[in-house]
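Q: following is a predicted model, sequence given first.
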Amino acid sequence: MTGNSENSSRWRASAGGIAPGLHLVATPIGAARDITLRALDILAGADVLAAEDTRTLRHLMEIHGVALNGRPLIAVHDHNEKGVAARITGLLREGRSVAYASEAGTPLISDPGFGLARAAVEAGQTVLAAPGASAVLAALAVAGLPTDRFLFAGFPPAAAGERQRFFAELLAVGATAVFYESPRRIRKTLAELAVICGPTRRAAVCRELTKRHEEVLRGSFDELLEAIGDTDPKGEIVLVVDRAPPEQSGPEAIALALDQALLTMRVKEAAAFVAQTLNVARREVYQMALERSRKPD
(Lines give C-alpha, C1' and ligand atoms only; values in the text may rest on other atoms or scores of the structure.)
Protein backbone atom coordinates (compact mmCIF):
# COMPACT_ATOMS: atom_id res chain seq x y z
CA MET A 1 0.00 0.00 0.00
CA THR A 2 1.43 3.35 -1.04
CA GLY A 3 1.25 5.73 1.90
CA ASN A 4 -0.12 9.28 1.78
CA SER A 5 0.47 10.33 5.34
CA GLU A 6 -0.26 14.02 4.88
CA ASN A 7 -3.87 13.44 5.92
CA SER A 8 -3.49 13.14 9.68
CA SER A 9 -6.85 14.56 10.75
CA ARG A 10 -9.65 12.26 11.93
CA TRP A 11 -12.11 11.30 9.22
CA ARG A 12 -15.46 12.94 9.79
CA ALA A 13 -18.12 10.59 8.46
CA SER A 14 -21.20 11.97 6.76
CA ALA A 15 -24.37 12.24 8.80
CA GLY A 16 -26.26 9.01 9.49
CA GLY A 17 -25.20 5.65 10.85
CA ILE A 18 -24.05 2.63 8.90
CA ALA A 19 -26.95 0.32 8.02
CA PRO A 20 -26.89 -3.16 9.54
CA GLY A 21 -25.47 -5.80 7.22
CA LEU A 22 -22.24 -6.96 5.62
CA HIS A 23 -20.50 -4.17 3.70
CA LEU A 24 -17.90 -5.35 1.16
CA VAL A 25 -15.48 -2.45 0.90
CA ALA A 26 -13.10 -1.98 -2.03
CA THR A 27 -9.70 -0.62 -1.03
CA PRO A 28 -6.87 0.89 -3.12
CA ILE A 29 -4.64 -1.38 -5.20
CA GLY A 30 -1.78 1.11 -5.01
CA ALA A 31 -2.33 4.81 -4.37
CA ALA A 32 -3.98 5.23 -0.96
CA ARG A 33 -5.95 8.24 -2.20
CA ASP A 34 -7.95 6.00 -4.53
CA ILE A 35 -10.29 5.03 -1.70
CA THR A 36 -13.83 6.41 -1.97
CA LEU A 37 -15.53 8.75 0.47
CA ARG A 38 -18.25 6.16 1.03
CA ALA A 39 -15.65 3.54 1.91
CA LEU A 40 -14.18 5.89 4.51
CA ASP A 41 -17.64 6.51 5.94
CA ILE A 42 -18.22 2.78 6.31
CA LEU A 43 -14.80 2.14 7.86
CA ALA A 44 -15.37 5.00 10.31
CA GLY A 45 -18.89 4.02 11.29
CA ALA A 46 -19.27 0.24 11.08
CA ASP A 47 -19.80 -1.62 14.35
CA VAL A 48 -17.28 -4.32 13.42
CA LEU A 49 -14.34 -4.34 11.01
CA ALA A 50 -13.03 -7.42 9.23
CA ALA A 51 -10.07 -7.71 6.88
CA GLU A 52 -7.95 -10.20 4.95
CA ASP A 53 -4.89 -8.50 6.47
CA THR A 54 -5.68 -6.51 9.61
CA ARG A 55 -2.31 -4.71 9.53
CA THR A 56 -2.95 -3.43 6.00
CA LEU A 57 -6.41 -2.17 6.93
CA ARG A 58 -5.08 -0.49 10.09
CA HIS A 59 -2.41 1.28 8.02
CA LEU A 60 -4.96 2.47 5.46
CA MET A 61 -7.22 3.79 8.21
CA GLU A 62 -4.28 5.59 9.83
CA ILE A 63 -3.39 7.27 6.52
CA HIS A 64 -6.92 8.65 6.26
CA GLY A 65 -7.41 9.46 9.94
CA VAL A 66 -10.04 6.78 10.60
CA ALA A 67 -9.97 5.78 14.27
CA LEU A 68 -10.55 2.19 15.37
CA ASN A 69 -12.03 3.42 18.68
CA GLY A 70 -11.91 0.02 20.32
CA ARG A 71 -14.08 -1.70 17.71
CA PRO A 72 -13.47 -5.39 16.97
CA LEU A 73 -11.09 -6.02 14.03
CA ILE A 74 -11.41 -9.61 12.81
CA ALA A 75 -9.04 -11.39 10.41
CA VAL A 76 -10.86 -13.15 7.55
CA HIS A 77 -8.61 -14.89 5.04
CA ASP A 78 -8.41 -18.06 2.94
CA HIS A 79 -7.34 -20.22 5.89
CA ASN A 80 -10.08 -19.27 8.36
CA GLU A 81 -12.93 -17.83 6.31
CA LYS A 82 -15.32 -20.74 6.76
CA GLY A 83 -15.03 -20.73 10.53
CA VAL A 84 -15.08 -16.96 10.98
CA ALA A 85 -18.12 -16.61 8.71
CA ALA A 86 -20.31 -18.20 11.39
CA ARG A 87 -19.11 -15.69 13.97
CA ILE A 88 -19.74 -12.72 11.68
CA THR A 89 -23.15 -14.05 10.63
CA GLY A 90 -24.04 -14.14 14.33
CA LEU A 91 -23.09 -10.48 14.63
CA LEU A 92 -25.25 -9.65 11.61
CA ARG A 93 -28.22 -11.41 13.23
CA GLU A 94 -27.75 -9.11 16.22
CA GLY A 95 -28.25 -6.13 13.90
CA ARG A 96 -24.59 -5.11 13.67
CA SER A 97 -22.93 -3.47 10.68
CA VAL A 98 -19.78 -5.29 9.54
CA ALA A 99 -17.27 -3.84 7.06
CA TYR A 100 -15.05 -6.34 5.24
CA ALA A 101 -11.98 -5.37 3.16
CA SER A 102 -9.56 -7.66 1.38
CA GLU A 103 -5.91 -6.66 1.25
CA ALA A 104 -6.29 -4.54 -1.90
CA GLY A 105 -9.00 -4.12 -4.52
CA THR A 106 -12.51 -5.51 -4.41
CA PRO A 107 -13.32 -8.43 -2.10
CA LEU A 108 -14.17 -11.75 -3.82
CA ILE A 109 -12.34 -10.79 -7.06
CA SER A 110 -9.43 -13.27 -6.78
CA ASP A 111 -9.53 -12.37 -3.08
CA PRO A 112 -11.23 -13.85 0.00
CA GLY A 113 -14.79 -12.88 0.90
CA PHE A 114 -16.95 -15.29 -1.09
CA GLY A 115 -17.49 -17.68 1.80
CA LEU A 116 -18.33 -14.79 4.09
CA ALA A 117 -20.75 -13.20 1.61
CA ARG A 118 -22.46 -16.53 0.83
CA ALA A 119 -22.91 -17.31 4.52
CA ALA A 120 -24.52 -13.91 5.06
CA VAL A 121 -26.84 -14.35 2.08
CA GLU A 122 -27.86 -17.86 3.17
CA ALA A 123 -28.60 -16.49 6.63
CA GLY A 124 -30.95 -13.93 5.09
CA GLN A 125 -28.74 -10.98 6.03
CA THR A 126 -28.15 -7.84 3.99
CA VAL A 127 -25.02 -7.77 1.83
CA LEU A 128 -23.94 -4.44 0.32
CA ALA A 129 -21.01 -3.40 -1.88
CA ALA A 130 -18.99 -0.21 -1.59
CA PRO A 131 -17.35 -0.29 -5.04
CA GLY A 132 -13.98 1.15 -5.83
CA ALA A 133 -10.53 0.12 -7.00
CA SER A 134 -10.19 -3.04 -9.09
CA ALA A 135 -7.10 -4.19 -10.99
CA VAL A 136 -9.33 -5.88 -13.58
CA LEU A 137 -11.17 -2.69 -14.50
CA ALA A 138 -8.04 -0.56 -14.32
CA ALA A 139 -6.27 -2.88 -16.77
CA LEU A 140 -9.22 -2.89 -19.17
CA ALA A 141 -9.25 0.90 -19.11
CA VAL A 142 -5.60 1.27 -20.15
CA ALA A 143 -5.03 -1.80 -22.34
CA GLY A 144 -6.35 -0.26 -25.55
CA LEU A 145 -8.40 -3.38 -26.35
CA PRO A 146 -12.17 -3.82 -26.79
CA THR A 147 -14.16 -3.59 -23.54
CA ASP A 148 -17.74 -4.15 -24.69
CA ARG A 149 -17.41 -7.84 -23.74
CA PHE A 150 -14.77 -9.23 -21.42
CA LEU A 151 -14.09 -12.33 -19.35
CA PHE A 152 -12.06 -12.35 -16.13
CA ALA A 153 -10.53 -15.73 -15.32
CA GLY A 154 -8.14 -15.13 -12.41
CA PHE A 155 -4.78 -16.91 -12.34
CA PRO A 156 -3.98 -19.62 -14.92
CA PRO A 157 -3.28 -23.04 -13.39
CA ALA A 158 0.33 -24.18 -13.01
CA ALA A 159 0.12 -27.72 -14.43
CA ALA A 160 0.80 -27.94 -18.18
CA GLY A 161 -2.26 -29.97 -19.15
CA GLU A 162 -4.58 -27.81 -17.09
CA ARG A 163 -3.07 -24.66 -18.60
CA GLN A 164 -3.79 -25.87 -22.15
CA ARG A 165 -7.41 -26.59 -21.30
CA PHE A 166 -7.70 -23.31 -19.42
CA PHE A 167 -6.40 -21.23 -22.33
CA ALA A 168 -8.43 -23.19 -24.90
CA GLU A 169 -11.66 -22.50 -23.04
CA LEU A 170 -10.77 -18.91 -22.21
CA LEU A 171 -9.64 -17.84 -25.65
CA ALA A 172 -12.48 -19.54 -27.55
CA VAL A 173 -14.94 -17.05 -26.04
CA GLY A 174 -15.71 -14.01 -28.19
CA ALA A 175 -14.58 -11.54 -25.55
CA THR A 176 -11.46 -9.78 -24.36
CA ALA A 177 -9.79 -12.02 -21.78
CA VAL A 178 -8.35 -10.69 -18.52
CA PHE A 179 -6.36 -12.69 -16.02
CA TYR A 180 -3.69 -12.31 -13.39
CA GLU A 181 -0.21 -13.76 -13.74
CA SER A 182 2.89 -13.86 -11.59
CA PRO A 183 6.00 -12.01 -12.83
CA ARG A 184 7.90 -15.32 -12.77
CA ARG A 185 5.51 -16.92 -15.26
CA ILE A 186 4.49 -14.05 -17.55
CA ARG A 187 7.13 -14.83 -20.20
CA LYS A 188 6.14 -18.50 -20.27
CA THR A 189 2.47 -17.54 -20.56
CA LEU A 190 3.09 -15.14 -23.45
CA ALA A 191 5.11 -17.81 -25.27
CA GLU A 192 2.34 -20.38 -24.80
CA LEU A 193 -0.31 -17.95 -25.98
CA ALA A 194 1.74 -17.13 -29.08
CA VAL A 195 1.58 -20.83 -30.01
CA ILE A 196 -2.09 -21.25 -29.16
CA CYS A 197 -3.42 -17.99 -30.63
CA GLY A 198 -0.77 -17.13 -33.17
CA PRO A 199 2.01 -14.64 -32.50
CA THR A 200 0.11 -11.63 -33.89
CA ARG A 201 -2.80 -11.62 -31.41
CA ARG A 202 -2.80 -8.31 -29.53
CA ALA A 203 -2.42 -8.12 -25.76
CA ALA A 204 -1.37 -5.80 -22.95
CA VAL A 205 0.83 -6.52 -19.94
CA CYS A 206 -0.25 -4.14 -17.17
CA ARG A 207 2.21 -3.99 -14.28
CA GLU A 208 1.97 -2.26 -10.88
CA LEU A 209 -1.25 -0.45 -11.77
CA THR A 210 -1.76 2.89 -9.94
CA LYS A 211 1.64 2.55 -8.24
CA ARG A 212 4.81 4.58 -8.68
CA HIS A 213 6.35 2.21 -11.23
CA GLU A 214 3.16 1.58 -13.23
CA GLU A 215 3.87 0.26 -16.73
CA VAL A 216 1.67 -0.89 -19.62
CA LEU A 217 3.20 -2.80 -22.52
CA ARG A 218 0.98 -3.20 -25.60
CA GLY A 219 1.52 -5.23 -28.75
CA SER A 220 1.51 -8.73 -30.20
CA PHE A 221 2.73 -11.66 -28.12
CA ASP A 222 6.04 -11.61 -29.98
CA GLU A 223 6.45 -7.87 -29.43
CA LEU A 224 5.64 -8.22 -25.73
CA LEU A 225 8.17 -10.99 -25.28
CA GLU A 226 10.80 -8.84 -26.96
CA ALA A 227 9.91 -5.84 -24.80
CA ILE A 228 10.14 -7.85 -21.56
CA GLY A 229 13.43 -9.45 -22.55
CA ASP A 230 15.21 -12.18 -20.62
CA THR A 231 14.58 -10.86 -17.11
CA ASP A 232 11.39 -11.46 -15.15
CA PRO A 233 9.56 -8.19 -14.49
CA LYS A 234 8.71 -7.12 -10.95
CA GLY A 235 5.38 -6.41 -9.34
CA GLU A 236 1.77 -7.47 -9.81
CA ILE A 237 0.65 -8.17 -13.38
CA VAL A 238 -2.69 -8.14 -15.18
CA LEU A 239 -2.65 -9.61 -18.68
CA VAL A 240 -5.34 -8.49 -21.15
CA VAL A 241 -5.72 -10.48 -24.39
CA ASP A 242 -7.71 -9.38 -27.44
CA ARG A 243 -10.61 -11.54 -28.56
CA ALA A 244 -10.12 -14.04 -31.34
CA PRO A 245 -10.69 -12.83 -34.91
CA PRO A 246 -13.81 -14.11 -36.72
CA GLU A 247 -13.70 -17.88 -36.71
CA GLN A 248 -12.23 -19.48 -39.80
CA SER A 249 -12.44 -23.25 -39.90
CA GLY A 250 -11.35 -24.01 -43.47
CA PRO A 251 -8.52 -26.44 -44.25
CA GLU A 252 -5.86 -23.72 -44.19
CA ALA A 253 -6.95 -22.46 -40.76
CA ILE A 254 -7.05 -26.01 -39.39
CA ALA A 255 -3.62 -26.81 -40.81
CA LEU A 256 -2.10 -23.65 -39.33
CA ALA A 257 -3.62 -24.35 -35.91
CA LEU A 258 -2.37 -27.93 -36.02
CA ASP A 259 1.17 -26.89 -36.92
CA GLN A 260 1.23 -24.58 -33.92
CA ALA A 261 -0.31 -27.14 -31.57
CA LEU A 262 2.02 -29.94 -32.67
CA LEU A 263 4.98 -27.88 -31.51
CA THR A 264 4.03 -28.57 -27.88
CA MET A 265 1.44 -31.38 -27.96
CA ARG A 266 1.21 -34.97 -29.05
CA VAL A 267 -0.94 -35.81 -32.09
CA LYS A 268 -4.04 -36.85 -30.18
CA GLU A 269 -3.87 -33.87 -27.82
CA ALA A 270 -3.26 -31.43 -30.70
CA ALA A 271 -6.21 -32.81 -32.67
CA ALA A 272 -8.56 -32.56 -29.69
CA PHE A 273 -7.37 -29.06 -28.88
CA VAL A 274 -7.78 -27.75 -32.45
CA ALA A 275 -11.14 -29.47 -32.94
CA GLN A 276 -12.48 -27.87 -29.78
CA THR A 277 -11.00 -24.46 -30.51
CA LEU A 278 -12.21 -24.27 -34.13
CA ASN A 279 -15.44 -26.20 -33.53
CA VAL A 280 -14.80 -28.80 -36.24
CA ALA A 281 -15.11 -32.58 -36.32
CA ARG A 282 -12.40 -34.29 -34.28
CA ARG A 283 -12.03 -37.23 -36.68
CA GLU A 284 -11.24 -34.91 -39.60
CA VAL A 285 -8.71 -32.97 -37.55
CA TYR A 286 -7.09 -36.14 -36.20
CA GLN A 287 -6.48 -37.51 -39.70
CA MET A 288 -4.95 -34.21 -40.76
CA ALA A 289 -2.78 -34.19 -37.62
CA LEU A 290 -1.48 -37.67 -38.39
CA GLU A 291 -0.55 -36.61 -41.91
CA ARG A 292 1.18 -33.44 -40.78
CA SER A 293 3.10 -35.20 -37.99
CA ARG A 294 4.57 -37.60 -40.57
CA LYS A 295 5.70 -34.89 -42.99
CA PRO A 296 9.47 -34.49 -43.19
CA ASP A 297 10.94 -31.25 -41.84
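A: That came through fine. Numbers count the residues shown, from 1 in each chain.

Q: separation between the residue nearest to the spatial centre of the chain and residue 226?
A: With distances taken as Cα atoms, centre = their mean, the residue of the chain nearest its centroid is residue 154 (4.2 Å). Using Cβ to Cβ, to the nearest Å, one gets 27 Å for the distance from residue 154 to residue 226. For the C-beta atoms, the positions are set from N, CA and C on the backbone; glycine is no exception.

Q: strands along the stretch 1-150 of the chain, start to end?
A: For the stretch 1-150 of the chain, the strands defined by DSSP state E, counting those that start in this stretch occupy 21-25, 48-51, 73-75, 97-101, 127-130, 150-152.

Q: among the ones you listed, which is nearest residue 268?
A: strand 150-152 (27.9 Å; Cβ to Cβ).

Q: ok, then the element right after that closest one?
A: helix 160-172 (DSSP states H and E).

Q: what comes into contact with that following helix?
A: 151, 153, 156-157, 177, 179, 192-193, 196-197, 241, 244, 265, 269, 273, 276-277 (Cβ atoms under 8 Å, 6 or more residues apart in numbering).

Q: so which of those sit within strands?
A: Among the contacts of helix 160-172, the members falling in strands (DSSP state E) are 151, 177, 179, 241.

Q: compare those and tell me which is most surrounded.
A: Counting neighbours by other Cβ atoms under 10 Å, residue 241 leads these with 26 neighbours.

Q: just the helices in the stretch 51-200 of the chain please.
A: Secondary structure of the stretch 51-200 of the chain, counting by DSSP state H, counting those that start in this stretch: helices at 54-63, 81-93, 114-122, 135-143, 160-172, 186-197.

Q: which one of the ones you listed has the poorest average confidence?
A: Lowest mean pLDDT within the helices of the stretch 51-200 of the chain: helix 160-172, a mean of 84.

Q: what angle separates it from helix 186-197?
A: Our comparison of helix 160-172 with helix 186-197, counting by axes from the mean of the first three to the mean of the last three Cα atoms, to 10 degrees, yields an angle of 60 degrees.

Q: surely the residue nearest to the centre of the chain touches residue 178?
A: No. Using Cβ atoms under 8 Å, residue 154 is not in contact with residue 178; the gap is 9.3 Å.

Q: can I get the buried part of the contacts of helix 160-172 as one PyMOL selection?
A: Buried members of the contacts of helix 160-172, defined by 16 or more other Cβ atoms under 10 Å, are picked up in PyMOL with:
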select buried, resi 151+153+156+177+179+192+193+196+197+241+244+265+273+277
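
Q: of the ones in strands among the contacts of helix 160-172, which is the nearest to residue 129?
A: residue 151 (20.6 Å).

Q: next up, the contacts around that closest one.
A: Residue 151 neighbours (Cβ under 8 Å, 6+ apart): 170, 173, 175, 176, 177, 178.

Q: closest to residue 30 out of these?
A: For those, the nearest to residue 30 is residue 178 (17.6 Å; Cβ to Cβ).

Q: how near is the closest one to residue 211?
A: 19 Å.

Q: residue 230 too?
A: In terms of Cβ to Cβ, residue 230 sits 24 Å off from residue 211.

Q: which one's more surrounded, these two?
A: residue 211 (16 against 6).

Q: surely that one touches residue 235?
A: Yes. Residue 211 lies in contact with residue 235 (Cβ under 8 Å); the separation is 7.3 Å.

Q: now do stretch 184-194: distance to the chain's middle.
A: Distance of stretch 184-194 from its chain centroid, counting by Cα atoms, centre = their mean, to the nearest Å, is 17 Å.

Q: pull out the buried residues from that stretch.
A: For stretch 184-194, by 16+ other Cβ under 10 Å, it's 185, 186, 187, 189, 190, 191, 192, 193, 194.

Q: and residue 150, what does it touch?
A: Contacts of residue 150 (Cβ under 8 Å, 6+ apart): 140, 175, 176, 177, 178.

Q: poorly predicted segments of the chain, please.
A: 1-9, 13-16, 246-249, 295-297 (pLDDT under 70).

Q: bridged to residue 177, which residues?
A: residue 151, residue 241 (DSSP bridges).

Q: how far away is it from residue 197?
A: 10 Å.

Q: excluding its backbone neighbours, what's nearest the residue nearest to the centre of the chain?
A: Leaving aside its chain neighbours, residue 154 sits nearest to residue 110 (4.9 Å; criterion: Cβ to Cβ, 6 or more residues apart in numbering).
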